[in-house]
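A.B. asks: Give me a 3D structure for the following:
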Amino acid sequence: MTDFDLFAPVSRELAIVEADLRNNINTPLPTMKDAATHLVKAGGKRLRPAFALLSARLFSESVDHVIPMAVALELIHMASLVHDDVIDDSSMRRGRSTVKHAWGNRTSIYAGNYVFARSLSLVASYERNDLMQVLADASMQICEGEIRQMMSCYNVNQGLKDYLRRIERKTALLISVSCQLGAMISQAEPYQIQALRRYGYYLGMSFQITDDILDFVADEEILGKPVGSDVRQGVITLPVLYALRYHPQRDELARLLSDSETALSEADQIIDWVIESGGIEYAYEASCKYARKSQGQLRYLPEVKVRDNLHDIATFITVRNY
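C.D. replies: Take a look at the predicted model:
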C-alpha cells in the first residue's frame, strides 16, 4: 500500500490542491516565479493538505470548502523548507537542487517570504479569527523549533526531552494543526477537534522519528537526499542519542559529533556506530509507540470509512522507506 492509496478518499481534492499551488505562486517577477515554481515541481508527500481534507471528510461528504486551507498549509510547509535549506546550506531536496543552491540565499529568503504571505492571504479568505490564531501560534512555535535545532547542533549533551521538544515544533505541530483546522472548518464538535489535533501530533512525532531513522538506512535515490545529512550537519537525532549512551565507543562518538569538521569527515564511522548500537531499533520502537497513540485518538471520531484510512496511515508511516 502506498500513501496514494491511503489518500484515495480525497484524491480529487488533492489534484485541485496541486493545481492551486502553482496558481498561488504566480507572480510577474520572473526570478521569484521560477524559484517558487521550482519548489512546487520538486513534489512532496502533501501530507498537510491531505490530513486537513481527510479530517474534514470525517464530517462531510463534500470537502471543497477546505481546499484553500489545504493549499495554505502546504505553502507554509514549503516556505519553511526554503528557509531551512538556507540555514542548513543544503544543495539537494527530494532529488532536486534546492532553491538556495539554484538561486542563492537572497532569492531563497524572499521566495520563502512570498510563499508564506500567499498562505496567509488564503487563510484570511475564511474571515475567521480563530483559524488565523491557530496558524499564527503554530508558525511562531515552528520558528522557535528551528532556532532550537540550530542552537543544539553538535551538542552531544542534550537529552531526550530536548529532542522531543525540538521535533514537535519542527514537524508534529503543523501536521497536528492540519488535522485540527480541517475539523474546525467542518464544524466538528470540540472534543472531536481535540482528538484530531492529538492524532496529528502523535502522528507527526512518529513521522519525524521515522525520518531520522531513514537518514541512516534509506536508499539515497529513494530518499532524495544524501544519507547521513543530519550527522554531517551536527543534528542530534534519536538514534544518535541512544548510541551516545550505549555504544562501547560512546566517548569517541561524542568527540566526533561535537565538532563540525570531524562530524563531516568521520560521518561514515559515526553512522556505523549508531547502527551498531541498536539506536535504529530503539527509535523504531518509539515511532511505533507514537503511531499507536495516534490511532488511539480515532475512537472519538465518527465510524466512517475515512477513519480506517487515518488508522492505516499511522501504520504506514512507521514502515515507509521515503
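A.B. asks: Can you find the helix or strand in the protein with the smallest mean pLDDT?
C.D. replies: helix 220-223 (a mean of 67; mean pLDDT, DSSP states H and E).
A.B. asks: Mind checking what helix or strand follows that helix in sequence?
C.D. replies: The helix or strand immediately downstream of helix 220-223 is helix 229-232, counting by DSSP states H and E.
A.B. asks: Pull that following helix out as CSV, backbone CA atoms only.
C.D. replies: In CSV, the C-alpha atoms belonging to helix 229-232 read as follows (Å, rounded to 0.1, in the frame of the first residue of the first chain):
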residue,chain,number,x,y,z
SER,A,229,22.8,14.5,6.2
ASP,A,230,21.8,15.1,9.8
VAL,A,231,25.1,13.7,11.1
ARG,A,232,27.1,15.9,8.8
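A.B. asks: Any regions of the protein where pLDDT drops low?
C.D. replies: 1-4, 43, 94-95, 221-225, 322 (pLDDT under 70).
A.B. asks: From the contact counts, what lies against the lengthiest helix in it?
C.D. replies: As assigned by DSSP state H, the longest helix anywhere in the chain is helix 190-217. With contacts taken as 3 or more Cβ pairs under 8 Å, 6 or more residues apart in numbering; DSSP states H and E, helix 190-217 sits against helix 47-57, helix 160-167, helix 173-185, helix 229-232, helix 238-246, helix 267-277, helix 279-296, helix 305-319. C-beta coordinates here come from the backbone N, C-alpha and C atoms, glycine included.
A.B. asks: One more pass at 7 Å, please.
C.D. replies: helix 173-185, helix 229-232, helix 238-246, helix 267-277, helix 279-296, helix 305-319 (3 or more Cβ pairs under 7 Å, 6 or more residues apart in numbering; DSSP states H and E).
A.B. asks: what's the most buried one of those helices?
C.D. replies: helix 173-185 (a mean of 27; mean count of other Cβ atoms under 10 Å).
A.B. asks: now the strands for the stretch 1-150 of the chain?
C.D. replies: With DSSP state E, counting those that start in this stretch, the ranges of strands along the stretch 1-150 of the chain come out as 92-93, 96-97.
A.B. asks: Pairing partners for the first one, with directions?
C.D. replies: The one in question is strand 92-93. Partner strands and pairing direction for strand 92-93 (DSSP bridges) are strand 96-97 (antiparallel).
A.B. asks: Contacts made by the partner strand with the rest, please.
C.D. replies: A42, S91 (Cβ atoms under 7 Å, 6 or more residues apart in numbering).
A.B. asks: I'd like the numbering to begin with 763 instead of 1 from here.
C.D. replies: With the count now opening at 763, the last piece we talked about shows up as strand 858-859.
A.B. asks: follow-up on the earlier one: make JSON lines out of the helices and strands packed on helix 952-979 and add distance to M902.
C.D. replies: Converted to JSON lines, the helices and strands packed on helix 952-979 look like this (distance: least, Cβ to Cβ, whole Å):
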{"stretch": "helix 935-947", "distance to M902": "10"}
{"stretch": "helix 991-994", "distance to M902": "25"}
{"stretch": "helix 1000-1008", "distance to M902": "25"}
{"stretch": "helix 1029-1039", "distance to M902": "33"}
{"stretch": "helix 1041-1058", "distance to M902": "24"}
{"stretch": "helix 1067-1081", "distance to M902": "26"}
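A.B. asks: Give the full set of residues in contact with the residue sitting nearest the centre point of the chain.
C.D. replies: Nearest to the mean C-alpha position of the chain, by Cα atoms, centre = their mean, lies T933 at 4.2 Å. The contact partners of T933, taken as Cβ under 7 Å, 6+ apart, are G966, F969, Q970.
A.B. asks: what's near enough to touch the second one?
C.D. replies: By that I understand F969. T933, I937, I1079.
A.B. asks: Can you tell me, leaving aside adjacent residues, what's nearest to the second one?
C.D. replies: What it means is I937. Excluding the flanking residues, the one nearest I937 by Cβ to Cβ, 6 or more residues apart in numbering is G966, at 3.7 Å.
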